[in-house]
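Visitor: Quick one, fold the following:
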Amino acid sequence: MNFEIKPTKIQGLIHIQPKVFGDERGYFLETYNKNTLKQLGFEEEFVQDNESKSKKGVLRGLHFQTKHTQGKLVRCTYGKVLDVAVDLRKNSPTYGHWESAVLDSNEKNMFYVPTGFAHGFLVLTEEAVFNYKCTDYYAPEYDGGIKWDDPQLNIDWKLKEYGIDSVTVSEKDLNLPYLEDLNIQFERD
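Guide: Model prediction:
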């Protein structure tokens, strides 16, 4: 297998470590193989790839779509980010819980965030390039989100650990509601 799968304490969230083949010329790795991941119980099909570049301290999220919900296979191809997923599945025993992963371009690790989660990330290095494979298309009319600093969630964004005094957040993300103010109903399509 070219992937090591590590489940988290929240059902559905998965840490993925691809096998890296390196020598004096450089390295090679598979970042996605539908057949291999299917053998490991991973059934999702991806339809859209996205990439963003951001500076240190930029925080994007926490986002979700209520219709055309998106599972995301995410990785950092340059730099390092703290990736965060919050369980918004109403019937889940971990509703409102979060999990994070430091995604590092040197480690080449990935994180799978299934549908029913809010997702966001914070750039920890001077710059970072972040890639996501999505299981459905972007549908802005179904955009939703939660404030990144929601006290109910109490997410540890590791700001002090990475020497970040303040975060840069979009106007849209600054105006997101808290989890307690949401009434979310996810629809698959």
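Visitor: Lowest-scoring secondary structure element of the protein by mean pLDDT?
Guide: Lowest by mean pLDDT, DSSP states H and E among the helices and strands of the chain is helix 34-39, with a mean of 80.
Visitor: Show me where this protein has its strands.
Guide: For the chain, the strands defined by DSSP state E occupy 3-7, 14-18, 20-23, 26-29, 48-55, 59-65, 72-78, 80-87, 98-104, 110-113, 117-123, 127-134, 143-145.
Visitor: And the least confident helix or strand of the chain, how far out from the chain middle?
Guide: On the basis of Cα atoms, centre = their mean, to the nearest Å, helix 34-39 sits 20 Å off its chain's mean C-alpha point.
Visitor: And stretch 135-148, by the same measure?
Guide: Worked out by Cα atoms, centre = their mean, stretch 135-148 lies 13 Å from the chain centre.
Visitor: pLDDT of that stretch, averaged?
Guide: Averaging pLDDT along stretch 135-148 gives 95.
Visitor: got a list of contacts for that stretch?
Guide: 44-48, 50, 59, 61-72, 86, 115, 118, 120, 153, 155, 157, 167, 169, 172-173, 176-179, 182, 184, 189 (Cβ atoms under 8 Å, 6 or more residues apart in numbering). Heads up, the C-betas are built off the backbone N, CA and C, glycines and all.
Visitor: ChimeraX command for the buried members of these?
Guide: Selecting only the buried entries of those in ChimeraX, with 16 or more other Cβ atoms under 10 Å as the criterion:
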select :44,46,59,61,62,63,64,65,66,68,69,70,71,72,86,115,118,120,153,155,157,167,169,173,176,179,182
